[in-house]
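Novice: any chance you can model this:
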Amino acid sequence: MQLNFTVDKPSLLPGKALCKFRTSKAYLWGLVRDRLLALESERNKPVEILDAACHALITKEMFPKGCNYYGLDVAFTRLEKAKSLLATNDRLFWADLTRPLPFQQAFDAVVSCNTFSHLPFDQQPLATSNLIEACRSGGDLLINTGIDEGLMPLTQSLLKSFVSIEPIYFDSYLSQEKESVGAVNAQNVLELVNKNEVELQNDACLHRQVLLHARNRKCIPKLTSPPRTESALKILKLNKVPVLRRIAFQNDQALLADEQLWSNKVLVAFTAALAKSQPGSHIQHQLAQKGLEWKILDQEFEPSHLINQIVVLGLEDKWSLDGASERLAINKLREREGLEITFALVKMRAGKLCKPSLVADDI
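Specialist: Take a look at the predicted model:
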């Protein structure tokens with residue numbers, strides 16, 4: 001095993017920015033694009049690539065046009081939205097990355113971007129194992145993660161399974177400063193990528209995240225291929241995916257009046273923004289009259305095992321302000337067998353129109 005560390009960060013190949021409003025993502029997605037193009041060039045043939053946690057294919061441009069692309073995500077609605085972006089040879093999988101998957105050395109390369117930051121730490125080891133097992137002998141794995149307590153276990157697992165690991169730090173303090181004030185746009189993003197990412201030393205002290213490029217998986221080769229459907233438009237379910245439902249109401253009054261939504265064993269989860277607001281206080285008062293308990297949806301959210309139904313409130317775009325924490329809490333809930341999770345959304349609150357947040361699409 002070998003850890004390949006360089007002081008200088010890699011530059012991006014000439015081309016358009018894959019993200020126009022964040023230099024941290026533009027750099028990450030550009031790095032992955034460049035590495036996959038190099039891999040395809042080395043092999044001189046179309047490579048089979050798994051995009052694990054592909055969302056609605058928002059990063060599809062990272063992948064070589066000639067590759068055999070496979071996208072996997074836990075949210076069926078995202079995969080449905082992705083169909084318009086598929087090429088003839090592309091395929092989609094509906095699966096939970098933290099449950100066993102039927103992949104054994106099925107892909108030349110596996111990519112998972114912005115995934116581990118949304119998984120509780122106790123779910124990350126199985127996800128790591130699944131990603132590694134999906135790689136063929138000699139294959140590559142590219143995965144990014146935060147510089148947190150999950151980094152060392154992930155690195156140790158990769159070092160045991162691959163010949164070498166290259167860490168590339170990104171999401172610098174300079175990127176954070178510019179992104180937080182909305183100073184990144186289509187006109188200056190490439191210039192700022194160089195200034196705020198490329199020109200900084202490859203040092204964890206200056207960054208919040210790291211891309212780990214694991215090369216050349218060490219294992220006995222097996223001749224296996226990814227499962228394929230007849231059509232790119234058919235989504236293949238691979239394992240038991242926790243089912244969430246989403247219900248829309250005209251307003252909070254209509255939501256509270258729906259007696260089918262509430263039962264004696266329902267626990268109500270509020271986003272922090274809604275819980276601390278005047279509309280939230282009104283809803284809490286009405287729930288108390290129904291004899292229902294509520295809690296804030298965050299990383300400390302831990303319902304009793306006597307609870308079998310969770311109703312989540314506040315996942316509209318103006319009331320869901322900490323999507324990372326909310327997504328972590330929801331992903332933790334997904335692992336509870338027999339737990340029913342409902343996202344209850346409203347179209348109007350406090351006299352203003354609402355639309356679903358990004359977290360509300362995680363179904």
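
Novice: neighbouring contacts of stretch 237-248?
Specialist: Contact with stretch 237-248 is made by 72, 74, 76, 93-96, 99-102, 227, 258, 261, 330, 334-335, 339-347, 356, 360, 362-363, as judged by Cβ atoms under 8 Å, 6 or more residues apart in numbering. From N, CA and C alone the C-beta is placed, and that goes for glycine too.

Novice: got the domain ranges for this protein?
Specialist: The chain is divided into the following domains under automatic domain parsing: 2-237, 244-361.

Novice: export those domains to TSV and tack on mean pLDDT and mean neighbour count?
Specialist: Listed next are those as TSV, based on pLDDT from 0 to 100; neighbours: other Cβ atoms under 10 Å:
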stretch	mean pLDDT	mean neighbour count
domain 2-237	96	18
domain 244-361	92	17
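
Novice: quick one: contacts for residue 254?
Specialist: Contacts of residue 254 (Cβ under 8 Å, 6+ apart): residue 346.

Novice: tell me which element it falls in.
Specialist: helix 252-257 (DSSP states H and E).

Novice: mind checking how far that helix is from the chain centre?
Specialist: 32 Å (Cα atoms, centre = their mean, to the nearest Å).

Novice: swap in stretch 312-327?
Specialist: Relative to the chain's own centre, stretch 312-327 is displaced by 15 Å; criterion: Cα atoms, centre = their mean.

Novice: what residues does that stretch touch?
Specialist: 117-118, 255, 268-275, 277, 280, 283, 297-299, 330, 341-346, 349, 352, 354-360, 362.

Novice: now do 6 Å
Specialist: The contact list for stretch 312-327 (Cβ atoms under 6 Å, 6 or more residues apart in numbering) reads 118, 269-271, 273-274, 297-299, 343-345, 354-355, 357-360.

Novice: out of the contacts of stretch 237-248, list just those in helices.
Specialist: Counting by DSSP state H, those place 76, 330, 334 in helices.

Novice: would you map the strands across the stretch 51-200 of the chain?
Specialist: Under the criterion DSSP state E, counting those that start in this stretch, the stretch 51-200 of the chain contains strands at 68-73, 91-94, 107-112, 135-146, 162-172.

Novice: that older thread, can I get the ones in helices among the contacts of stretch 237-248 in TSV with distance to residue 250?
Specialist: Shown next, in TSV, are those (distance: Cβ to Cβ, whole Å):
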residue	distance to residue 250
76	25
330	24
334	28
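
Novice: list just the nearest of those residues to residue 155.
Specialist: Distance to residue 155 across those (Cβ to Cβ) is lowest for residue 334, with 25.8 Å.

Novice: now the nearest residue to residue 74 once chain neighbours are set aside. Its backbone dihedrals?
Specialist: Nearest-residue entry for residue 74: residue 96, 5.1 Å, with adjacent residues in sequence omitted and distances by Cβ to Cβ, 6 or more residues apart in numbering. Phi and psi for residue 96, reported as degrees, to the nearest 10, are phi -100, psi 120.

Novice: need the contact list for residue 96.
Specialist: 74, 239, 241.

Novice: for the chain, longest helix please?
Specialist: Per DSSP H, the chain has its longest helix at helix 23-43.

Novice: please name every helix or strand in contact with that one.
Specialist: Counting contacts by 3 or more Cβ pairs under 6 Å, 6 or more residues apart in numbering; DSSP states H and E, helix 23-43 packs against strand 162-172, helix 189-193.

Novice: now render these as CSV, adding distance to residue 202.
Specialist: CSV is the format used below for the helices and strands packed on helix 23-43 (distance: least, Cβ to Cβ, whole Å):
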stretch, distance to residue 202
strand 162-172, 5
helix 189-193, 15
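
Novice: among the ones you listed, which is nearest residue 67?
Specialist: With Cβ to Cβ as the criterion, residue 67 lies closest to strand 162-172 of these, at 20.4 Å.

Novice: touching the closest one from outside, list them.
Specialist: 2-4, 24, 27-28, 158-159, 196-197, 200, 202, 204, 206-217.

Novice: before we move on, back to that, quick check: the gap between the residue nearest to residue 74 and residue 259.
Specialist: 32 Å (Cβ to Cβ, to the nearest Å).

Novice: now swap in residue 72 and tell me
Specialist: Residue 72 sits 38 Å away from residue 259, going by Cβ to Cβ.
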